[in-house]
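Peer 1: need a 3D model of the sequence below.
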Amino acid sequence: MYRFILLFGLSLIFFSMNAQQNPETKLDWFKFKSDKGKFVVTVPGELREKIDSSNTPLGPLVMHTFYFQPSANSGHSNFMYMLQYCDYPEGALDVKDDSFVSDFFESTRNEAAFSINGKVIYFSPIKLNTLPGQFWRIHYKNDTAVIKTKAYLMKNRYFAIQTITFKSLASNMDTDKFFDSFQILEN
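Peer 2: Residues are numbered from 1 along each chain as shown. I've put the predicted structure just below:
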């Protein structure tokens, strides 16, 4: 059921990883707001949107993926910045049931790792205001690359904010800035 969430976003992570980035370069960041997506985030470049849909046992689901892939040697610590959201049918996500939330995130992170032949290294429950969430870290590409994800559930909507980088650059301020700037605009 949750496999749909991952397939479209993960297809974006196989972009070129040839050149090591220079984390010392200063970057221009700006706020990106999506009224339809109900979020705002600060990003170091122009986000592109990719919309995919799939028929699932719950009915048709539409995944909105916003991503920025810096060019090689452009001064970015990460080689992908990504934000996704997907609306589920009313009542499909029980965000007040801790067991459901835990199972949802476990299935999502494990499928993410499996789909790229990676390994979940770390995960922890988090919150954004009162919204349930989870942070996880996946190593892949023979333990040379890292995907960091912060995911949240709001009513019937799933959000995931991610960065992808080399393992040697996994602890970087650009990821922190991107993650910390994310805000959900509630109804």
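
Peer 1: doesn't Glu90 fall inside a strand?
Peer 2: No - going by DSSP: H, G, I helix; E, B strand; the rest coil, the assignment for Glu90 is coil, not a strand.

Peer 1: tell me how many other residues surround the closest residue to it other than its chain neighbours.
Peer 2: Computed as CB to CB, 6 or more residues apart in numbering, the closest residue to Glu90 that is not its neighbour in sequence is Asn156, at 5.7 Å. No exception for glycine: its C-beta is placed from N, CA and C like everyone else's. Using other CB atoms under 10 Å, Asn156 has 14 other residues around it.

Peer 1: residues in contact with Asn156?
Peer 2: Asn156 makes contact with Asp87, Tyr88, Pro89, Glu90, Gly91, Ala92, Leu93, according to CB atoms under 8 Å, 6 or more residues apart in numbering.

Peer 1: and if you look at Val146?
Peer 2: Residues in contact with Val146 (CB under 8 Å, 6+ apart) are Arg137, Ile138, His139, Tyr140, Ile164, Thr165, Phe166, Lys167, Ala170.

Peer 1: state the pLDDT value of the last one.
Peer 2: Looking at Ala170, its pLDDT reads 90.

Peer 1: likewise the fifth one?
Peer 2: Here the pLDDT value assigned to Ile164 is 96.

Peer 1: can you show me the CA trace of stretch 110-121 as PDB?
Peer 2: The C-alpha trace of stretch 110-121 is given here as PDB (Å, rounded to 0.1, in the frame of the first residue of the first chain):
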ATOM      1  CA  ASN A 110      11.900  -0.200   4.900                       C
ATOM      2  CA  GLU A 111      10.400  -0.100   1.400                       C
ATOM      3  CA  ALA A 112      12.600   2.900   0.600                       C
ATOM      4  CA  ALA A 113      15.700   1.000   1.700                       C
ATOM      5  CA  PHE A 114      14.700  -2.100  -0.100                       C
ATOM      6  CA  SER A 115      13.900  -0.300  -3.400                       C
ATOM      7  CA  ILE A 116      17.500   1.100  -3.700                       C
ATOM      8  CA  ASN A 117      19.300  -1.900  -2.100                       C
ATOM      9  CA  GLY A 118      20.100   0.300   0.900                       C
ATOM     10  CA  LYS A 119      20.100  -0.200   4.600                       C
ATOM     11  CA  VAL A 120      18.200   1.800   7.300                       C
ATOM     12  CA  ILE A 121      20.900   3.000   9.600                       C
END
